[in-house]
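# quick check, what structure comes out for this input:
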Amino acid sequence: MEKILELKNITKNFGNTRALNEISFSLDKGKIYSLVGENGAGKSTLAKIISGGLKSDNGEIYYKGQIVINHSPRKAKELGIFIVHQWGDLAPNLSVLDNIFLGNEERGFIGILNRNYMQEKAHKILKEFDLNLDLNLPVEELSPAYQQIVTITKALLVKNEFLIIDEGGSSFDKKELVELFVVLRKLKCAGVTIIYISHLLDNVMELSDEIIVLRNGNLIKIVKTKNITLDELASLVISYEVKTEVKNFAPLKKGKLEKLKVDSLMWKGGNASYSFAIKESEILGITGPVGSGKSELLRTIMGLNPKEKGTIWINREKIIKNSPFRMIRKKVAFVPESRFAEGLVMLRSMEENITLPSLWQWYKFLLNKKELIKKSNQAADVARIMRSSIQDRMSYLSGGNQQKTVIAKWLTSDYELFLLDEAFIGIDIGAKSDIGEVIRRLSKNSCSIILVSTEFTDLIGLVHRLFVMVNHKIVAELQGEEITNKNIIKYYQSTIK
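Residues are numbered from 1 along each chain as shown. Alright, predicted model coming up:
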């Protein structure tokens, strides 16, 4: 095979932290490589160095046999290297068409945009890769999944030979993921080399030819996908044995009191109502594709979405008018889907973030700073947050530790009902394991948990009961040993036909 990229002893330091330690490997043309590792393993740093966004402190990059001098994003563009970042590089208020051609606009003789030509060229690319996008729609109206597909479409305008997808598919539903993989496989057949970065190891196993494993800035192994199992890969990633196929833990004991009940609950603008109950110590999972109504249901219970109709009881007490503050007073905790938009104050410290929801309980005339630090450290320990200090700024932490902090916010007081929306999104397998243990501990301490996740594999072996939601309807309720990949996929199929 023809080699397209070779790295020799790539090293990168951030202060006293070594992010990459003498990384050396070569990649063949026309293959899909997956780059995996825990948060902080060095994946994104390595991707930025290859694409010119960061300069290495030491080492050399060879592209098509030639050493790359003075690497930069412009140099990468000239070489045909394109990176699709996790959160995209799009102008949200512009149309899909304008974003696809942003920086590569087609202009006529006097500089006027040739929109007809741009439309024709975009339609040709979309048809070639079986993509269905409304070119006139503002990008901000697209789901995160389709925003990433728009960014990939930008790469298809130019004959890029090397494509890096950073956290591709992390927010995709099953149908969108199928579309993404079709595009990437077609690019591979056209001779494009792809590095696919993902925390979702089952996706990695399905897509890639070879897998590059990083841990703590070191290259651990490059392995052919066909020569490794999912369990073996997970163990390589986090350095200790992992079992992804686990049996459901101890069933819920009979006689438990009812913690939450909703009857005919509907949010404003919704088209379905919901009735169910959850008992003390129960972990209820809810899965379904993006847009199935999972998040809206949790937000309506919490009072963040206006309620159209229905009744909510907590500990058999009817909640006349629910609001976030009232629900917090009723010992209900809420973790939102986006830790960046709603979960954390990124420029403040870990201690300030952890104690923020419960300050009203401790405030008399003055706040006891020592007591706040003590409580935040205790919550951080329970949530298994790696830190040098409780005063670390949130923006300095890895994604996994940021997500643990969102949960730790609700561990400083005696909350009894936890509504967790996508608690595992965008984090590595080690952080998922830690959060799973926190959830089990809450259950053992008589707390009730509703756990929403688009990636249903995160729920197997963790929840006592599982709802499958499709098109705003609960289409299945599974319990105990019924909660398997096979059974869940059976009800998921209607979303990917």
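# for the stretch 1-150 of the chain, which segments are assigned as helices?
43-50, 73-79, 96-100, 115-128, 144-157 (DSSP state H, counting those that start in this stretch).
# got the ones you listed as TSV, with distance to Lys175, mean neighbour count and mean pLDDT columns?
Heads up, the C-betas are built off the backbone N, CA and C, glycines and all. Conversion of the helices of the stretch 1-150 of the chain to TSV gives the following (distance: least, Cβ to Cβ, whole Å; neighbours: other Cβ atoms under 10 Å; pLDDT from 0 to 100):
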stretch	distance to Lys175	mean neighbour count	mean pLDDT
helix 43-50	26	23	92
helix 73-79	32	15	91
helix 96-100	18	23	89
helix 115-128	16	14	86
helix 144-157	9	21	79
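# of all those, which one is nearest Lys256?
helix 144-157 (37.3 Å; Cβ to Cβ).
# which strands or helices does that closest one pack on?
Packing partners of helix 144-157 (3 or more Cβ pairs under 8 Å, 6 or more residues apart in numbering; DSSP states H and E): strand 81-84, helix 96-100, helix 115-128, strand 162-166, helix 174-189.
# so which of those is nearest Asn445?
helix 174-189 (34.7 Å).
# check which element follows that closest one along the chain.
Next along the chain after helix 174-189, taking DSSP states H and E as the criterion, comes strand 193-197.
# which strands and helices sit next to that next one?
For strand 193-197, the packing partners by 3+ Cβ pairs under 8 Å, 6+ apart are strand 17-28, strand 32-36, helix 43-50, strand 162-166, helix 174-189.
# partners of that strand in the sheet?
Here strand 193-197 is paired, per DSSP bridges, with strand 32-36 (parallel), strand 162-166 (parallel).
# these: lowest mean pLDDT?
Of all the strands paired with strand 193-197, the minimum mean pLDDT falls on strand 162-166 (a mean of 91).
# rewinding a little: could the helices and strands packed on strand 193-197 go into TSV alongside distance to Lys375?
Converted to TSV, the helices and strands packed on strand 193-197 look like this (distance: least, Cβ to Cβ, whole Å):
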stretch	distance to Lys375
strand 17-28	28
strand 32-36	36
helix 43-50	33
strand 162-166	36
helix 174-189	41
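# nearest to Asn271, out of those?
Using Cβ to Cβ, the helices and strands packed on strand 193-197 put helix 174-189 closest to Asn271, at 20.2 Å.
# buried residues in that closest one?
Residues Lys174, Glu176, Leu177, Glu179, Leu180, Phe181, Val183, Leu184, Leu187, Lys188 are the ones in helix 174-189 that count as buried (16 or more other Cβ atoms under 10 Å).
# next one: that helix to chain centre, how far?
Centroid separation for helix 174-189 versus its chain: 19 Å, with Cα atoms, centre = their mean, to the nearest Å.
# returning to what we had before: okay if I get the buried residues of helix 174-189 as JSON lines plus pLDDT and distance to Asn377?
Output for the buried residues of helix 174-189, formatted as JSON lines (pLDDT from 0 to 100; distance: Cβ to Cβ, whole Å):
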{"residue": "Lys174", "pLDDT": "69", "distance to Asn377": "41"}
{"residue": "Glu176", "pLDDT": "74", "distance to Asn377": "41"}
{"residue": "Leu177", "pLDDT": "79", "distance to Asn377": "40"}
{"residue": "Glu179", "pLDDT": "79", "distance to Asn377": "45"}
{"residue": "Leu180", "pLDDT": "83", "distance to Asn377": "41"}
{"residue": "Phe181", "pLDDT": "87", "distance to Asn377": "44"}
{"residue": "Val183", "pLDDT": "85", "distance to Asn377": "46"}
{"residue": "Leu184", "pLDDT": "90", "distance to Asn377": "44"}
{"residue": "Leu187", "pLDDT": "89", "distance to Asn377": "48"}
{"residue": "Lys188", "pLDDT": "92", "distance to Asn377": "49"}
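# just send those back as JSON lines, with distance to His464 too.
Listed next are the buried residues of helix 174-189 as JSON lines, based on distance: Cβ to Cβ, whole Å:
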{"residue": "Lys174", "distance to His464": "24"}
{"residue": "Glu176", "distance to His464": "29"}
{"residue": "Leu177", "distance to His464": "28"}
{"residue": "Glu179", "distance to His464": "34"}
{"residue": "Leu180", "distance to His464": "33"}
{"residue": "Phe181", "distance to His464": "33"}
{"residue": "Val183", "distance to His464": "38"}
{"residue": "Leu184", "distance to His464": "37"}
{"residue": "Leu187", "distance to His464": "43"}
{"residue": "Lys188", "distance to His464": "42"}
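# so which of these comes closest to Ile474?
Ile474 lies nearest to Lys174 out of the buried residues of helix 174-189, by Cβ to Cβ, at 17.7 Å.
# got any ranges where the stretch 301-450 of the chain has weak pLDDT?
Counting by pLDDT under 70, the stretch 301-450 of the chain contains low-confidence residues at 362-366.
# all strands for it, in order.
307-314, 317-319, 332-335, 417-421, 448-452 (DSSP state E, counting those that start in this stretch).
# ok, residues contacting the first one?
The contact list for strand 307-314, computed with Cβ atoms under 8 Å, 6 or more residues apart in numbering, reads 258-270, 273-274, 300-301, 318-319, 322, 327, 330, 332, 417.
# repeat that for the third one.
Residues outside strand 332-335 that contact it (Cβ under 8 Å, 6+ apart): 298, 301-302, 304, 314, 324, 327, 343, 357, 406-407, 409-410, 415-421, 423.
# in ChimeraX, how would I select the buried members of those residues?
Buried residues within the contacts of strand 332-335, by 16+ other Cβ under 10 Å, are selected in ChimeraX with:
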select :298,301,302,304,314,327,343,357,406,407,409,410,415,416,417,418,419,420,421,423
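# among the contacts of strand 332-335, which lie within helices?
Among these, the ones falling in helices (DSSP state H) are Leu298, Ile301, Met302, Pro324, Met327, Val406, Ile407.
# just put the residues you listed in a markdown table and tack on distance to Lys444.
Shown next, in a markdown table, are the ones in helices among the contacts of strand 332-335 (distance: Cβ to Cβ, whole Å):
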| residue | distance to Lys444 |
| --- | --- |
| Leu298 | 23 |
| Ile301 | 23 |
| Met302 | 24 |
| Pro324 | 27 |
| Met327 | 23 |
| Val406 | 21 |
| Ile407 | 16 |
